[in-house]
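> Predicted model and sequence follow; I will ask about them next.
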There are 2 protein chains.
Amino acid sequence: MCAVTTARNHGKDLRRYLVPGTQRGRTTDAVTDALREAILDGFLTPTTWLREDEIAGAFEVSRTPVREAMRRLADEGLVIKTVHHGTTVAPLSLEDVLALYVVRENLEGLAARLAAVRCPSGLVERLDEIGSRMKAAAAEADTPRLSRLNLEWHRALRDATGNSYLGRFLGQVEHAVRRLPASTLGHPGRAEEVLSEHDAVVRAIERRDGAGAEQVAKAHMRRAREIRLAVMLGE
Amino acid sequence: MCAVTTARNHGKDLRRYLVPGTQRGRTTDAVTDALREAILDGFLTPTTWLREDEIAGAFEVSRTPVREAMRRLADEGLVIKTVHHGTTVAPLSLEDVLALYVVRENLEGLAARLAAVRCPSGLVERLDEIGSRMKAAAAEADTPRLSRLNLEWHRALRDATGNSYLGRFLGQVEHAVRRLPASTLGHPGRAEEVLSEHDAVVRAIERRDGAGAEQVAKAHMRRAREIRLAVMLGE
DNA sequence: GTATCCAATATTGAATGCAATCTGAATGCG
DNA sequence: CGCATTCAGATTGCATTCAATATTGGATAC
């Protein structure tokens, strides 16, 4: 038995990644999102061979939207295509993770600075509101919910930059980060740490301190990388 | 007559963007690259309506690879799709340009720093060699050649970072920058300025000065943005 | 027993056809 | 005369079909 697994026996389970409210004319988008979710979620693990026919059958659509979805995911770096041979889920090495966090540190820092400079009305309140919900989730040790809220917090921040390119790049970073095995938020003491680091960013934004916001946001990411490595290397 | 132009009368001229050595099984890639080139080159201008079967006819392929190409370019932000209606070349506002350069400044700075830290063997020589060719092109006032060499220089730098994410993002930035109307290298005195700014980056890399390389690279980009704005606003 | 070649098969690449739907103009009604 | 409605044409979305090619298993020669 080789290391390559197939999606054959996963069968119809893939369907649960399809969002229900898909209107006509959006099949390709729905399939793309579903496949992306399945990969990010870890349901489709690296080196899994994705046969177009199989996926099409699981989603009960034709191969055409599946083909387009595959190509898009290949452009995003989530899968690897080889002509006339097939598509496999891309592996993610420790080296990749380090490279990812290096870039992320810079982009998140830039986002914090831009957000502080623009500081659109309601931003501080929104970040604080998400922060308080995160606090509640942390108190209940509800890591999945904490993780979703964390995502929401970072999205709110990058939306506040008003920079479409930065937003797009941070979106791609987010996709890549979500592929990593387990959330770092489950690490002992990390949840509280994240809350205080986020708070530092928001306070800097509140006083329109761009440089300060950038600094604490970068420190937040450096710490996140540390924890990530600790988790991946088995604490 | 509305502001939307069509590709109808461009006809077969699109074919000149197809690279000749396209082997079988790579039609979609070839079409994608050709369309991207045509947009970056300014042959297909913003708001141009791209009809699938028109493009397919021009390239003498079926609509399938054209469709996939359109979707990929939409993901890259070069075109805008609306369901059941069509695809148009995305506009590029002055605001977008500013946003682009803000992000670019950070990414190029990071690339210079990483390149200085790693400093793979042969990098300094390669950058200097491209630099000397740029000097020759500048002496002859050969702006198109200078522009190509400039691209090559920046690519060499980002390849030296060994960071795939940074490389991908800078690649996307490069695509966006290439869409801008005219090269800033034709601006009076800019060519010489670029040469000395590049040299400052290389010297910093040579002495493994990461922070210094980042600083001069960022200054290089800030200056590039200034010139770009001057050019776009009519000097 | 092993290496090499060949053909059968599996799988993807691209073309074609049909269905859905958006646009725009002509038409009917107030 | 203005506005809503409907219908025809144009265009994209997806399914299906055909073509090309990589893989793999086996037969054969050494």
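Received the coordinates, thanks.
> Show me what from chain A comes close to DNA strand C.
Selection of chain A residues close to DNA strand C by CB under 7 Å from any atom of the strand yields A:24-25, A:50-53, A:63-64, A:67, A:81, A:83-87. All C-beta spots, glycine's among them, are computed from the backbone N, C-alpha and C.
> now what about stretch A:224-235, what contacts it?
A:94, A:97-98, A:101, A:105, A:180-182, A:184, A:187, A:190, A:194 (CB atoms under 8 Å, 6 or more residues apart in numbering or on different chains).
> out of these, who's nearest A:Asp13?
Taking CB to CB as the measure, A:Asp13 lies nearest A:Pro181 of these, at 19.8 Å.
> Need the pLDDT of that closest one.
A:Pro181 is assigned 75 on the pLDDT scale.
> List the buried residues in the helix or strand hosting A:Ile55.
Following DSSP states H and E, one finds A:Ile55 within helix A:52-59. With burial defined by 16 or more other CB atoms under 10 Å in any protein chain shown, the residues of helix A:52-59 counted as buried are A:52, A:54-59.
> Output the contacting helices and strands for it.
Secondary-structure packing of helix A:52-59 (3 or more CB pairs under 8 Å, 6 or more residues apart in numbering or on different chains; DSSP states H and E): helix A:27-40, helix A:63-76.
> Mind doing that once more with 6 Å?
With contacts taken as 3 or more CB pairs under 6 Å, 6 or more residues apart in numbering or on different chains; DSSP states H and E, helix A:52-59 sits against helix A:63-76.
> Just the pLDDT for A:Thr6.
46.
> next one: A:Ser164
89.
> picking that back up, which one of the buried residues of helix A:52-59 sits closest to DNA strand C?
Nearest to DNA strand C among the buried residues of helix A:52-59, counting by CB to the nearest atom of the strand, is A:Glu52 at 3.9 Å.
> just checking, that closest one touches A:Thr64?
No: using CB atoms under 6 Å, A:Glu52 makes no contact with A:Thr64, being 9.4 Å away.
> got the CA coordinates for the helix holding A:Ile55 in PDB?
Extracted in PDB, the C-alpha atoms of helix A:52-59 (Å, rounded to 0.1, in the frame of the first residue of the first chain):
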ATOM      1  CA  GLU A  52     -12.400  14.600 -11.000                       C
ATOM      2  CA  ASP A  53     -15.000  11.900 -11.700                       C
ATOM      3  CA  GLU A  54     -15.200  10.800  -8.000                       C
ATOM      4  CA  ILE A  55     -15.600  14.400  -6.700                       C
ATOM      5  CA  ALA A  56     -18.200  15.100  -9.400                       C
ATOM      6  CA  GLY A  57     -20.100  12.100  -8.300                       C
ATOM      7  CA  ALA A  58     -19.900  13.000  -4.600                       C
ATOM      8  CA  PHE A  59     -21.300  16.500  -5.300                       C
END
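> What are the buried residues along the helix or strand hosting A:Arg113?
A:Arg113 belongs to helix A:94-118 when assigned by DSSP H and E. Buried residues in helix A:94-118, defined by neighbour count with 16+ other CB under 10 Å: A:96-97, A:99-117.
> near chain B, from the residues you listed?
A:99-100, A:103, A:106, A:110 (CB under 6 Å from any CB of the partner chain).
> Farthest pair within those residues?
Among these, A:Ala99 and A:Leu110 lie farthest apart (CB to CB), at 17.4 Å.
> roughly how far apart are A:Leu180 and chain B?
Here A:Leu180 is placed at a distance of 13 Å from chain B (CB to the nearest CB, to the nearest Å).
> burial of A:Arg155, as a residue count?
Applying other CB atoms under 10 Å in any protein chain shown, we find 15 residues neighbouring A:Arg155.
> In space, what's closest to it - neighbours in sequence excluded?
A:Glu174 (7.8 Å; CB to CB, 6 or more residues apart in numbering or on different chains).
> Likewise for A:Ala219?
Nearest residue to A:Ala219, sequence neighbours excluded (CB to CB, 6+ apart): A:Glu197, at 7.2 Å.
> helices and strands around the host helix or strand of the one you found, which ones?
Under the criterion of DSSP H and E, A:Glu197 resides in helix A:190-206. Packing partners of helix A:190-206 (3+ CB pairs under 6 Å, 6+ apart): helix A:94-118, helix A:123-139, helix A:210-232.
> related to what we said a few turns ago, now which of the residues of chain A next to DNA strand C would you call buried?
Buried subset of the residues of chain A next to DNA strand C (neighbour count, 16+ other CB under 10 Å): A:50, A:52, A:64, A:67, A:87.
> Just send those back as a markdown table, with distance to B:Gly162 too.
Below are those laid out as a markdown table (distance: CB to CB, whole Å):
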| residue | distance to B:Gly162 |
| --- | --- |
| A:Leu50 | 28 |
| A:Glu52 | 33 |
| A:Thr64 | 38 |
| A:Arg67 | 32 |
| A:Thr87 | 26 |
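> can you list the domains in chain A?
A:8-89, A:94-232 (automatic domain parsing).
> Can you give me the end-to-end span of the longest one?
The straight-line separation of the ends of domain A:94-232 (CA to CA, to the nearest Å) is 8 Å.
> Counting neighbours, what do you get for the closest residue to A:Tyr101 other than its chain neighbours?
What sits nearest to A:Tyr101 in space, not counting adjacent residues and going by CB to CB, 6+ apart, is A:Arg225, at 3.9 Å. Residue neighbour count, defined by other CB under 10 Å, stands at 18 for A:Arg225.
> Can you tell me how far A:Arg225 is from DNA strand C?
According to CB to the nearest atom of the strand, to the nearest Å, A:Arg225 and DNA strand C sit 35 Å apart.
> Could you check how far that residue is from DNA strand D?
Applying CB to the nearest atom of the strand to A:Arg225 and DNA strand D gives a distance of 37 Å.
> Next one: that residue from A:Trp153, what distance?
As judged by CB to CB, to the nearest Å, A:Arg225 and A:Trp153 stand 18 Å apart.
> A:Leu44 too?
According to CB to CB, A:Leu44 and A:Trp153 sit 27 Å apart.
> Looking at those two, which one has more neighbours?
Neighbour count, other CB under 10 Å: between A:Leu44 and A:Trp153, A:Leu44 has more, with 25 against 20.
> Once you drop chain neighbours, what's closest to the more buried one?
A:Ala38 (4.8 Å).
> Repeat that for A:Asp33.
Leaving aside its chain neighbours, A:Asp33 sits nearest to A:Val19 (6.7 Å; criterion: CB to CB, 6+ apart).
> Spell out which helix or strand contains the one you found, please.
Applying DSSP H and E, one finds A:Val19 in no helix or strand.
> related to what we said a few turns ago, mean confidence score for the helix holding A:Ile55?
Here the average pLDDT along helix A:52-59 is 90.
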